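Chemist: okay, structure incoming, though there's no sequence with it:
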């Protein structure tokens with residue numbers, strides 16, 4: 001693929017492009033339409049699994065690469081760059097390795113419940129997802145979301161044990177995510193290198209997110225957008241000249257900020273076809 005667009009957009013999903021409670025993205029439709037009209041790559045970069053993001057990409061008519069499980073892997077569709085095959089670039093520890101460490105942690109007395117401990121029905125009830133969507137959320141390759149059921153002091157000790165096994169823990173919109181030493185920024189940097197190899201003009205990366213597990217992605221981007229959060233505890237720290245802050249939450253804030261960035265970078269409004 002060759003692109004002459006000056007922007008490549010990377011976006012978190014839950015609480016950012018998707019409403020935190022309903023998973024609705026319709027308030028962002030005006031900006032999504034403009035991104036599509038101007039052929040600006042839109043990279044979904046989420047803690048969600050490959051099947052979850054593939055399902056959403058179909059709804060959005062999105063054809064661009066996507067980043068799964070907080071940066072565990074980048075998936076590039078066939079014929080997108082130079083390869084005739086679908087590419088999967090992985091960055092971290094496998095889920096089996098993560099689960100083995102978590103099993104050891106539980107034997108030490110730490111109290112938590114991970115996806116591997118839940119049935120599909122239990123996960124659907126906890127998240128509000130439909131059964132099929134919950135099945136897609138459980139099809140993981142490198143990370144384990146969990147609900148902490150212990151004290152704050154125990155959580156700090158738990159993180160220390162994870163670190164001994166070269167594992168990391170990130171706080172997402174709903175769950176704690178146990179994973180290897182990678183984050184959403186790894187996929188952004190790798191893809192921007194690929195895009196720049198095929199670009200006909202200078203490219204800038206734009207990243208949008210709402211919670212601490214987005215922080216590394218935002219810090220790695222040329223333009224970073226913090227979407228106002230429903231959960232005050234998840235609000236990212238203020239400051240930094242590269243930061244833009246939305247006035248609204250979720251997809252409404254996403255729409256507001258993306259339209260503003262497009263306008264600032266000379267993308268003329270095109271009526272939706």
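Modeler: Perfect, I can see it now. Everything numeric in this text was worked out from a predicted model, so none of it was measured.

Chemist: CA only for contacts and neighbour counts going forward, please
Modeler: Noted.

Chemist: which secondary element of this protein has the worst mean pLDDT?
Modeler: Ranked by mean pLDDT, DSSP states H and E, the weakest helix or strand in the chain is strand 168-171, scoring a mean of 88.

Chemist: ranges for the helices of the stretch 101-250 of the chain?
Modeler: According to DSSP state H, counting those that start in this stretch, the stretch 101-250 of the chain carries its helices in the segments 120-127, 131-138, 152-164, 184-198, 215-220, 250-264.

Chemist: which residues does the fifth one contact?
Modeler: Right, helix 215-220. 183, 184, 185, 186, 188, 189, 207, 208, 209, 224, 225, 236 (C-alpha atoms under 8 Å, 6 or more residues apart in numbering).

Chemist: report the central residue of this protein.
Modeler: residue 46 (1.8 Å; C-alpha atoms, centre = their mean).

Chemist: what's near enough to touch that residue?
Modeler: Residue 46 neighbours (C-alpha under 8 Å, 6+ apart): 11, 12, 13, 14, 67, 68, 69, 70, 71, 184.

Chemist: from the residues you listed, which two are the most distant?
Modeler: Spatial extent of those (C-alpha to C-alpha) is set by the pair 14 and 71 at 15.1 Å.

Chemist: show me which of the two is the more surrounded one.
Modeler: A side-by-side neighbour count of residue 14 and residue 71, using other C-alpha atoms under 10 Å, places residue 71 first with 29 against 25.

Chemist: which non-adjacent residue is nearest that one?
Modeler: What sits nearest to residue 71 in space, not counting adjacent residues and going by C-alpha to C-alpha, 6 or more residues apart in numbering, is residue 184, at 4.2 Å.

Chemist: confidence score at the one you found?
Modeler: For residue 184, the pLDDT comes out at 94.

Chemist: burial measure for it, as a count.
Modeler: Neighbour tally, residue 184, other C-alpha under 10 Å: 28.

Chemist: so it touches residue 45, yeah?
Modeler: Yes - using C-alpha atoms under 8 Å, residue 184 is in contact with residue 45, at 6.8 Å.

Chemist: which residues do the two both contact?
Modeler: Joint contacts of residue 184 and residue 45 (C-alpha under 8 Å, 6+ apart) are 67, 70, 71.

Chemist: which of those residues fall within strands?
Modeler: If you go by DSSP state E, those have residue 67 in strands.

Chemist: pLDDT and distance to residue 92 added to the shared contacts of residue 184 and residue 45, as JSON lines?
Modeler: Formatted as JSON lines, these follow (pLDDT from 0 to 100; distance: C-alpha to C-alpha, whole Å):
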{"residue": "67", "pLDDT": "97", "distance to residue 92": "13"}
{"residue": "70", "pLDDT": "89", "distance to residue 92": "10"}
{"residue": "71", "pLDDT": "93", "distance to residue 92": "8"}
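
Chemist: closest to residue 39 among the shared contacts of residue 184 and residue 45?
Modeler: Among the shared contacts of residue 184 and residue 45, and counting by C-alpha to C-alpha, the member closest to residue 39 is residue 67, at 19.0 Å.

Chemist: quick one: contacts for the closest one?
Modeler: 43, 44, 45, 46, 73, 74, 75, 184, 187.

Chemist: tell me the most packed of the residues you listed, by neighbour count.
Modeler: residue 45 (30 neighbours).

Chemist: against residue 209, how distant is the closest residue to that one other than its chain neighbours?
Modeler: Leaving aside its chain neighbours, residue 45 sits nearest to residue 67 (4.6 Å; criterion: C-alpha to C-alpha, 6+ apart). Here residue 67 is placed at a distance of 14 Å from residue 209 (C-alpha to C-alpha, to the nearest Å).

Chemist: then residue 88?
Modeler: Distance from residue 88 to residue 209, counting by C-alpha to C-alpha: 23 Å.

Chemist: more neighbours, the two?
Modeler: Higher neighbour count among residue 88 and residue 209: residue 209, with 30 against 14, using other C-alpha under 10 Å.

Chemist: would you map the strands across the chain?
Modeler: Counting by DSSP E, the chain has strands at residues 7-11, 42-45, 66-68, 73-76, 87-90, 112-114, 144-148, 168-171, 176-179, 204-209, 223-228, 243-249.
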